[in-house]
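# what follows is a predicted structure for the sequence shown.
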Amino acid sequence: GENVEQHPSTLSVQEGDSAVIKCTYSDSASNYFPWYKQELGKGPQLIIDIRSNVGEKKDQRIAVTLNKTAKHFSLHITETQPEDSAVYFCAASQNSGTYKYIFGTGTRLKVLA
Amino acid sequence: NAGVTQTPKFQVLKTGQSMTLQCAQDMNHNSMYWYRQDPGMGLRLIYYSASEGTTDKGEVPNGYNVSRLNKREFSLRLESAAPSQTSVYFCASSGVSEQYFGPGTRLTVT
């Protein structure tokens, strides 16, 4: 079955710097890769996603890149702000009608003011 | 729209007790999911329901049962709770692709 590895487990950056979180997946049939942000005491919320027919996607300060050959995808956050502090999860899924996600283990991002 | 709602928010059980976690969504989604979240292990799928009337096992189904009561509601039952089931439980629903998560239930089994 699919396995998703996520690194690093914790990341501290100065406000205004960039943050990069990396994930690798094992199943070449996976074709949908969402990223979720989880704030303390809340459920995860989708922040960006990418499909396997696209190499990069950007939404304001957030971007995701996908390398299908190497089976890895990354989340890039530029100009970090204190409100970006949260736990971020990557996931991989196949488009088989029901999107069963396999999640990475999460990255705790701390943005230092 | 309330999105995905879960009850209760918190629960403490003794070993061997049973309980049902409730989940409802108002987005007319076909698919619903139950996850557990443990420190350092991310979210792991317990059971899911692709559509009303169907349920399937996920990664960690042992010790749990589910019921897709109708299109809106998907419940998770612990028949005989064990300390290993201490966790935060999230329900989610999806239409085309994105999963929307509820606020979670924090369960402690003593």
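Perfect, I can see it now.

# which strand residues bridge A:Ser93?
With DSSP bridges as the criterion, A:Ser93 is bridged to A:Tyr32.

# got the contact list for it?
Contact analysis of A:Ser93 by C-beta atoms under 8 Å, 6 or more residues apart in numbering or on different chains lists A:Ser30, A:Asn31, A:Tyr32, A:Phe33, A:Pro34, A:Tyr99, A:Lys100, A:Tyr101, A:Ile102, B:Ser97. For glycine as for every other residue, the C-beta is placed from the backbone atoms N, C-alpha and C.

# could you dump those residues to a markdown table with distance to B:Gln17 and pLDDT?
Listed next are those as a markdown table, based on distance: C-beta to C-beta, whole Å; pLDDT from 0 to 100:
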| residue | distance to B:Gln17 | pLDDT |
| --- | --- | --- |
| A:Ser30 | 39 | 92 |
| A:Asn31 | 42 | 91 |
| A:Tyr32 | 39 | 91 |
| A:Phe33 | 39 | 94 |
| A:Pro34 | 35 | 94 |
| A:Tyr99 | 33 | 70 |
| A:Lys100 | 30 | 83 |
| A:Tyr101 | 30 | 90 |
| A:Ile102 | 31 | 92 |
| B:Ser97 | 37 | 75 |
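
# what's the burial count for the one residue in chain B that gets nearest to chain A?
Closest residue of chain B to chain A, C-beta to the nearest C-beta: B:Phe101 (3.5 Å). When neighbours are counted by other C-beta atoms under 10 Å in any protein chain shown, B:Phe101 registers 22.

# looks like it contacts B:Ser94 (just checking).
No. Taking contacts as C-beta atoms under 8 Å, B:Phe101 lies outside contact range of B:Ser94: 10.1 Å.
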